[in-house]
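S.K.: Sequence first, then the predicted structure, then my questions.
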Number of protein chains: 2
Amino acid sequence: MTADPASLVTDLARRARAASLALVTAPTAVKNAALAQLADLLDASHADLLAANTRDLASPEAAALTTAGRERLTLTTAKLAQLAQSVREVIALPDPVGELLDDRTRPNGLRIRQVRVPIGVIAIIYEARPNVTVDCAILCLKSGNAAILRGGSECFHTNTALAEIISRSLAAAGLPADAVQLIPTTDRVALAHLLKLDTLIHCVIPRGGESLIRFVAENSTIPVIKHYTGVCFVYVDRDADPDLAEKILLNAKVSRPGVCNATEQLLVHAAVAETMLPRLASALLGQGVQLRCDPAAAAILERSKLAHTDATPADYTAEFLGLTLAIRIVGSLEVAIATINHDGSAHTDAIVTRDSAAAARFQAAVDSAVVLWNASTRFNDGFEFGFGAEIGISTDRLHARGPMGLRELCSYKYLIEGSGQIRN
Amino acid sequence: MTADPASLVTDLARRARAASLALVTAPTAVKNAALAQLADLLDASHADLLAANTRDLASPEAAALTTAGRERLTLTTAKLAQLAQSVREVIALPDPVGELLDDRTRPNGLRIRQVRVPIGVIAIIYEARPNVTVDCAILCLKSGNAAILRGGSECFHTNTALAEIISRSLAAAGLPADAVQLIPTTDRVALAHLLKLDTLIHCVIPRGGESLIRFVAENSTIPVIKHYTGVCFVYVDRDADPDLAEKILLNAKVSRPGVCNATEQLLVHAAVAETMLPRLASALLGQGVQLRCDPAAAAILERSKLAHTDATPADYTAEFLGLTLAIRIVGSLEVAIATINHDGSAHTDAIVTRDSAAAARFQAAVDSAVVLWNASTRFNDGFEFGFGAEIGISTDRLHARGPMGLRELCSYKYLIEGSGQIRN
């Protein structure tokens, strides 16, 4: 590092801004050519990338990681092949830039078209997993945005090696190499400075633990798209099909308990709790799920001799991210809705019922990004939505809400065509 | 004020959040009934409102205002009639809530609908003009959002009187009175605390001077939609129609020089500057516009004996908000585009030309919210776009860009309908 952190990131952001202006009008074929080159280079560079990754795995930062964290950091030839495959899948996706969103002619003859355009310069602040470096680079490139990437220190050598391949791919297609830049330091001072460069950078996306996301949200004057916790609910209505309820709840809770769209809490209508809850609880216990119950639910499980513990108040708003489930009995659909709106995180919530009126009321009144009827909460996902790619899931309500794909990496502009109109 | 500022605004925000959950599903007819009541009460309350306004005008804060500021603060019966009229116009607009944005069925049978919903709780921080209180309240209400309004201290009594009428209108329609709340203090400590309540408030819109907007952007952990400066350009191309160029430039510069979509800078293609610039300059001088020229433009005006001064570097990025115009000669369309992208504010820029290829290139490459061809920059306006109402113009690229109407006060959610689908 030859410059102080502030000049370093300012210079980098200026070059990103210049590159973004070229990307705005880059033809789809040119962007796809860069992506194709990247896929080929990923296939051809296994040895270099694995060597860089081995250096990271031997670092003191890597030694401090959990087993899961270390697993995420570790590259393998299989993961690299998967990465090249995901680049090829993004090539196949339609280019969102230039899409006509609205076209209206005003009484004065002015024609106003609204077209999708890149946001501009996007900074992505993330941790650990090296595949995020490639995912973010390719999604930003396809959507015509310049990307500034700031990964974690434990992944520094791997990210540097990946960034080098990305730069070569851009250059090979005649695009500015500054279109994707990796910040060559993981210094927090540099990050804090970057977050104030609101005339050069148009959007910040933090991906990682809640403390990183909080740091970005609190220090950024650049608009942030973020994802906090996913405290997702399944509500089993009085008119739920028991087979469907069991199948959906099990999938929502145990198919991948560590992710944000996994269910953390079960609400059961009091009218069916006596019959429904023991069956659901047995199935969950069979999958190793620990049950934390409110007094009404605890009493039912007590009578059925099913293992459980009493919930604490904190359990009712907890994101367990593991094999633990909070359970409450609710007296009505309205109480279920109010409970979810009060204690959930407005991420993903589901109702199981045969009653279409109850489902419609639930879907209208639960104030969450994704509200499901008779399906697993795990479906809040860009690939499951058919977006073909995902850069994250937004729990904000501005710009993007729920899964974010290529469209959500775009803004729009208005093109007005006149014949000399002036305003009175 | 009975509580400390922090508890006061926290309590107010909690009540706004509760009200917003009721507004989400409020029928259009009920929202319109509250608006109709408000229009009638505005008509019936001239005496009370003018009395409150007189108190404000006699305050020390009002004494410190400029003439223009004092004019903005002053209510008249004509302004009140206009305000009631604008409420009735919002009643006539379609309700944006519930609009179906997308409807797709996935291969697994899941039906995914994307529908427009209110954002939730919106805080609007503004200065002076009492009509903003009514405008913001009615646009938030129509779009199903709870509003927290924080006006300026110089307008405190007028705003309080308006808020009282708004509360009565909400109650008359059976809507929660907390749907629109005025912060009963203009304390900065209270504002700073409010800007951190990101679990209760979903969006902050600052309206006013740049220092207020900066304060909000720098202190808020809630997403902000903002508008900084409007440094708008008119570029007169080599193939411009001289009559059109003069007409558009004059309208863009002098029709209302103090607003954000007024033009601040003229670029003229070198090939036509010798003939075009003296004509344009004479017309501008005839309207009292002062011209600040680069050396090439100055030389031409010198030869034509037309009044001008030499521009300083600061003039090339200035938002004059008055009868001053910067002028530069550019050697090509590409230089015009690069100049605007470098020195403009990405707000509103126009090209005057008969060459459709030049216009297309300009509109694609100028990275601004609104890019016009042969029309005045003054058309960047929600009413001119046909939105029927405007809460501001965004210079951000996330969520809303350009004029913001009712749609831009909305988010969306996904409703998924299944038959027991689970994820593999």
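M.R.: Alright, I've got the coordinates.
S.K.: For the stretch 201-350 of chain A, which residues score under the pLDDT cut-off?
M.R.: Counting by pLDDT under 70, not a single residue of the stretch 201-350 of chain A qualifies.
S.K.: Now do the SS call for whichever residue of it sits closest to chain B.
M.R.: As assessed by CB to the nearest CB, chain B sits closest to A:Asn251 within the stretch 201-350 of chain A, at 3.6 Å. C-beta here means a position set from N, CA and C on the backbone, and glycine is covered the same way. Three-state call for A:Asn251 (DSSP: H, G, I helix; E, B strand; the rest coil): helix.
S.K.: Which residue comes closest to it once chain neighbours are left out?
M.R.: B:Ile422 (3.6 Å; CB to CB, 6 or more residues apart in numbering or on different chains).
S.K.: Need the per-residue pLDDT for the one you found.
M.R.: Per-residue confidence (pLDDT) for B:Ile422: 97.
S.K.: and it, what does it touch?
M.R.: A:247-248, A:250-252, A:255, A:375-376, A:378 (CB atoms under 8 Å, 6 or more residues apart in numbering or on different chains).
S.K.: Please check those and keep the buried ones.
M.R.: Among these, those buried by neighbour count (16 or more other CB atoms under 10 Å in any protein chain shown) are A:247-248, A:250-252, A:255, A:375-376, A:378.
S.K.: Ramachandran coordinates for the closest residue to chain B within the stretch 251-400 of chain A?
M.R.: Nearest to chain B in the stretch 251-400 of chain A, going by CB to the nearest CB, is A:Ala375, at a distance of 3.0 Å. When read as degrees, to the nearest 10, the backbone of A:Ala375 gives phi -150, psi 160.
S.K.: Am I right that it is in contact with B:Leu110?
M.R.: Yes: between A:Ala375 and B:Leu110 there is a contact under CB atoms under 8 Å: 5.9 Å.
S.K.: Please identify every residue contacting each of these two.
M.R.: Joint contacts of A:Ala375 and B:Leu110 (CB under 8 Å, 6+ apart) are B:416-418, B:421.
S.K.: Which residue comes closest to A:Ala18 once chain neighbours are left out?
M.R.: A:Asp178 is the one closest to A:Ala18 (CB to CB, 6+ apart), at 6.7 Å.
S.K.: tell me the secondary structure for A:Val117?
M.R.: Assignment for A:Val117 (three-state DSSP): strand.
S.K.: If it is in a bridge, with which residues?
M.R.: A:Ser411 (DSSP bridges).
S.K.: Any figure for the gap between it and A:Ala171?
M.R.: 24 Å (CB to CB, to the nearest Å).
S.K.: more neighbours, the two?
M.R.: A:Val117 (25 against 14; other CB atoms under 10 Å in any protein chain shown).
S.K.: Could you check how far the more buried one is from A:Asp95?
M.R.: Counting by CB to CB, the gap from A:Val117 to A:Asp95 is 12 Å.
S.K.: again with A:Tyr126
M.R.: Distance from A:Tyr126 to A:Asp95, by CB to CB: 25 Å.
S.K.: Quick one: neighbours of the closest residue to A:Pro118 other than its chain neighbours, just the number.
M.R.: Using CB to CB, 6+ apart and skipping residues adjacent in sequence, the residue nearest A:Pro118 is A:Gly144, 3.4 Å away. Using other CB under 10 Å, A:Gly144 has 27 other residues around it.
S.K.: try A:Asn424
M.R.: Neighbour count for A:Asn424, taken as other CB under 10 Å: 6.
S.K.: Repeat that for A:Ala16.
M.R.: Going by other CB under 10 Å, the residues that sit close to A:Ala16 add up to 27.
S.K.: after whichever strand or helix holds it comes which helix or strand?
M.R.: Element membership of A:Ala16, judged by DSSP states H and E, is helix A:5-24. The C-terminal neighbour of helix A:5-24 among helices and strands, as given by DSSP H and E, is helix A:28-44.
S.K.: Check which residues of that following helix are buried.
M.R.: A:31-42.
S.K.: Domain map for chain A?
M.R.: For chain A, automatic domain parsing gives the domain ranges A:5-226+A:403-417, A:232-379.
S.K.: and those as CSV, adding distance to B:Ser282?
M.R.: Below are those laid out as CSV (distance: least, CB to CB, whole Å):
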stretch, distance to B:Ser282
domain A:5-226+A:403-417, 27
domain A:232-379, 58
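S.K.: Could you say which one of these comes nearest to B:His202?
M.R.: B:His202 sits nearest to domain A:232-379 of all the domains of chain A, at 9.4 Å, using CB to CB.
S.K.: how distant is the closest one from the center of its chain?
M.R.: Chain-centre distance of domain A:232-379: 23 Å, with CA atoms, centre = their mean, to the nearest Å.
S.K.: Now do that domain: distance from first to last residue.
M.R.: 12 Å (CA to CA, to the nearest Å).
S.K.: Please apply the same query to stretch A:349-358.
M.R.: Stretch A:349-358: ends 14 Å apart by CA to CA.
S.K.: What residues of it count as buried?
M.R.: Applying 16+ other CB under 10 Å to stretch A:349-358 flags A:349-353, A:355, A:358 as buried.
S.K.: Kindly report the same for stretch A:256-275.
M.R.: Under 16+ other CB under 10 Å, the buried positions of stretch A:256-275 are A:257, A:260-269, A:272-273.
S.K.: which of those lies closest to A:Pro313?
M.R.: Looking across the buried residues of stretch A:256-275 and measuring by CB to CB, the closest to A:Pro313 is A:Gln265, at 13.0 Å.
S.K.: out of the domains of chain A, which comes closest to B:Ile122?
M.R.: domain A:232-379 (14.3 Å).
S.K.: I figured A:Glu218 hits B:Thr221, correct?
M.R.: Yes: taking contacts as CB under 8 Å, A:Glu218 lies within contact range of B:Thr221: 5.5 Å.
S.K.: Which one's more surrounded, these two?
M.R.: B:Thr221 (18 against 14).
S.K.: Could you tell me which residues make contact with the more buried one?
M.R.: A:217-218, B:195-196, B:198 are the contacts of B:Thr221 under CB under 8 Å, 6+ apart.
S.K.: looking at this, it is in a helix?
M.R.: No: according to three-state DSSP, B:Thr221 belongs to no helix; its state is coil.
S.K.: Quick check: phi and psi on it?
M.R.: The phi/psi pair for B:Thr221 (degrees, to the nearest 10) is phi -100, psi 0.
S.K.: re earlier: excluding chain neighbours, what is closest to the residue of the stretch 251-400 of chain A closest to chain B?
M.R.: In space, A:Ala375 is closest to B:Gly418, 3.0 Å off (CB to CB, 6+ apart).
S.K.: is it fair to say the one you found lies in a strand?
M.R.: Yes: B:Gly418: assigned to a strand according to three-state DSSP.
S.K.: Let me know how buried it is, in neighbour terms.
M.R.: Using other CB under 10 Å: B:Gly418 sits among 22 other residues.
S.K.: Could I get the contacting residues of it?
M.R.: Neighbours of B:Gly418 in contact, by CB under 8 Å, 6+ apart: A:372-375, A:379, B:109-111.
S.K.: let's see it at 7 Å
M.R.: A:372-375, B:109-110 (CB atoms under 7 Å, 6 or more residues apart in numbering or on different chains).
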